[in-house]
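> I'd like to go over a predicted model; first the sequence, then the structure.
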Amino acid sequence: MSSERHHGGWVIILSFIVSFMLAIIPLPAWAVLWRPDWVALVLIYWCIAVPQRVGVATGWFVGVIYDVLKDTLLGQNALSLCFIGYVSVKWHRQVRLFPLWQQAIGVFGLLSISHWIEALIYKNMLGYSLLTGSFISQVFISMILWPWVFVILRDMRRTYRVY
C-alpha cells in the first residue's frame, strides 16, 4: 500500500453519477439510437488518468450499478466494463502519448468489443441478438464525443488535483 494520501475521490464519484444520469435520461425514440456510452467513456478516462485508483474492480462495481439502473441482465454491463477497465489500465501509458483523434479510434475499437461482449451475453443467455444499427451508432457517437469528455474530465482532474 502506498503511504501517500489520495485527493479528489469525490470528483471521480461525481463524474460517474453524472454519467449514470446521462445514461438513463429519457430521450425520444429516434435519439435513443444515438445515445453515447457515457459510463464507459468516464471509466476509460479515469482508468487512463489514475490507473492506481480506478481499474477492473471499479469497472465491475460501476457495471453492477449500471445493470440495476438500466434493468438489464445482472452482470452484463459489469463484465463489459471490467473488460474496458482491464484494457484501459493495461495500455494507459501508451494511450496517454496518442493525440486525441487516435485515442478516439482506440475508444471506438474498445467500445465495439465491449458491445459485442454484451451482444454475446444476450444471444447465449436470453436467446436473441442485440447486434442492430444502434450498436454502430452508439459506438460512433461515443468516439466523436471522446475528445470533449477527455478535455472536460482532464480539466476537472487538474482543477481539483485528483491523483
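Thanks, I have it. Residues are numbered from 1 along each chain as shown.
> so Leu27, which state does it fall into?
For Leu27, the secondary structure call by DSSP: H, G, I helix; E, B strand; the rest coil comes out as coil.
> and Ile121, how many residues sit next to it?
18 (other C-beta atoms under 10 Å). (Glycine included, C-beta is placed from N, CA and C.)
> from Val162, how far off is Ser15?
The gap separating Ser15 from Val162 is 9 Å, by C-beta to C-beta, to the nearest Å.
> list residues touching both of these two?
Taking C-beta atoms under 8 Å, 6 or more residues apart in numbering as the contact criterion, the residues that touch both Ser15 and Val162 are Met156.
> list the contacts of Val39.
Counting by C-beta under 8 Å, 6+ apart, Val39 has contacts 16, 19-20, 23, 62, 66, 77, 81.
> make that Val87, sorry
Applying C-beta under 8 Å, 6+ apart, the residues contacting Val87 are Leu110.
> any idea how far the helix ranked longest in the chain is from the chain center?
Scanning the chain for the helix with the most residues, using DSSP state H, yields helix 133-159. Shown here is helix 133-159, whose average C-alpha point lies 9 Å from the average C-alpha point of the whole chain (C-alpha atoms, centre = their mean, to the nearest Å).
> pLDDT weak spots in this structure?
In the prediction, the chain carries residues with pLDDT under 70 at positions 1-4, 128-134.
> any idea which residue sits dead centre in it?
Most central in the chain under C-alpha atoms, centre = their mean is Ala40, positioned 1.0 Å from the mean C-alpha point.
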